[in-house]
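Engineer: mind looking at a prediction? Sequence and model below.
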Number of protein chains: 2
Amino acid sequence: MLRISRLTDYGTMILVHLAGPRVGLCSASDVAAGTHLALPTVQKLLKKLAKAGLISSVRGADGGYRLTRAPAEITAAEILNVLEGPVAITDCSAEMRQCELEPICQVGSAWQKINRAIRSAMEDIRLSDLRRPPREFVLQDLWQSPVANPYSRSS
Amino acid sequence: MLRISRLTDYGTMILVHLAGPRVGLCSASDVAAGTHLALPTVQKLLKKLAKAGLISSVRGADGGYRLTRAPAEITAAEILNVLEGPVAITDCSAEMRQCELEPICQVGSAWQKINRAIRSAMEDIRLSDLRRPPREFVLQDLWQSPVANPYSRSS
DNA sequence: CTGAAATTGGACTAGAATGGTCCTATTTAA
DNA sequence: TTAAATAGGACCATTCTAGTCCAATTTCAG
């Protein structure tokens, strides 16, 4: 169905939480409470995000996590890349080598083309755009057809 | 990894084959031979494509399949839709109802935005664009005896 | 020094999804 | 009537995913 995994969605929620207005150093428990996700899952994802350098960690008592960059400096493409792996529509487009079917397969490089389109769409969206607007606003805005979101950066 | 399934890739290869220059009614065996995919897999996919109306079928001896429309009239979005299901980055964006986390989840409608970007990128690409430019020596290969297919297990 | 609160790194498992095959019924040309 | 096709599923092995848990390490506070 061409979808991201649930963990990627969770990871994004976590990043959004860490990008919150007055959030400093957050422990895993803080994040779990803030996002309503299960603690073990949050721990796992925080480790992954830290390893990838999107967030930094402080160990020991009173430790926690925080973003390494401002929310406006982090693109959706980056987030997907970390949580989901590189965007690669097909096996063929994933690897640098050409697949063994290459002399046979009649499908050209269009998948790559689609790939790039997706990637560039996601590079236009920042973590700061992912924060949902205040509640009243959402209620009237959420189910509209392809109209620009007033809160997004590049519209 | 945000990728389409292998079957979707195969299905696209099949459509590309049916969109070939002087291809009329093709039996499943013809398609299997032309694409070097395993016959049962091809049969399964042809049935699916026929059911979705992308191709039409003729039953009985000398039956087969053919495209219902010209290759330039079929978009990649449509193909993905049939083979992979609707493009829906997250569960939230898949269904018309709002998810239960809606009052809690801070992630806004940006996934929908990414969704639309992907969809529109794919509506700009037609089946006719997916055909790779003809290469004489390659086309000859298509009529040779089946070559070991790295994707299929038996025979 | 000791204990509590954290992160780190990985192992483990149940369940779902995927890819692939096969079987039976039906249709149609020769 | 027979052979060559499609139609519609059933079935299974394997992989992937989501979620949990454990043992080790680090650090702050008394």
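Structural biologist: Yep, that arrived.

Engineer: and the closest residue to DNA strand D within chain A, how far from A:Arg6?
Structural biologist: DNA strand D sits closest to A:Gly60 of chain A, with a gap of 2.0 Å, by C-beta to the nearest atom of the strand. All C-beta spots, glycine's among them, are computed from the backbone N, C-alpha and C. A:Gly60 sits at a distance of 31 Å from A:Arg6 (criterion: C-beta to C-beta, to the nearest Å).

Engineer: what does chain A put close to DNA strand C?
Structural biologist: Residues of chain A lying close to DNA strand C by C-beta under 7 Å from any atom of the strand are A:1, A:26-29, A:43-44, A:46-47, A:50-51, A:57-65.

Engineer: keep only those of those that are in helices.
Structural biologist: Applying DSSP state H to the residues of chain A next to DNA strand C, the entries found in helices are A:Ala28, A:Ser29, A:Gln43, A:Lys44, A:Leu46, A:Lys47, A:Ala50, A:Lys51.

Engineer: show me which of those residues neighbour DNA strand D.
Structural biologist: Counting by C-beta under 7 Å from any atom of the strand, the members of those near DNA strand D are A:Gln43, A:Lys44.

Engineer: widest-spaced pair of the ones in helices among the residues of chain A next to DNA strand C?
Structural biologist: The largest separation in these, counting by C-beta to C-beta, is between A:Ser29 and A:Lys51 at 19.7 Å.

Engineer: show me where chain A has its strands.
Structural biologist: Here chain A has its strands, by DSSP state E, at A:55-58, A:64-67.

Engineer: switch the ones you listed over to CSV; also include distance to chain B and mean pLDDT.
Structural biologist: Shown next, in CSV, are the strands of chain A (distance: least, C-beta to the nearest C-beta, whole Å; pLDDT from 0 to 100):
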stretch, distance to chain B, mean pLDDT
strand A:55-58, 16, 97
strand A:64-67, 15, 97
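
Engineer: so which of these is the most packed in?
Structural biologist: Sort these by mean neighbour count, taking mean count of other C-beta atoms under 10 Å in any protein chain shown, and strand A:64-67 sits at the top with a mean of 19.

Engineer: ok, residues contacting it?
Structural biologist: For strand A:64-67, contacts defined as C-beta atoms under 8 Å, 6 or more residues apart in numbering or on different chains pick out A:15, A:18-19, A:23-28, A:30-31, A:46, A:49-50, A:54-58, A:74.

Engineer: can I get the buried part of the residues you listed as one PyMOL selection?
Structural biologist: In PyMOL, a selection of the buried entries from those looks like this (16 or more other C-beta atoms under 10 Å in any protein chain shown):
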select buried, chain A and resi 15+18+19+23+26+27+28+30+31+46+49+54+55+74
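
Engineer: mind listing what's buried in stretch A:2-19?
Structural biologist: Of all the residues in stretch A:2-19, those buried under the rule 16+ other C-beta under 10 Å are A:2-4, A:8-19.

Engineer: can you tell me which two in those are farthest apart?
Structural biologist: Pairwise distances across the buried residues of stretch A:2-19 peak at 27.4 Å for A:Leu2 and A:Leu18 (criterion: C-beta to C-beta).
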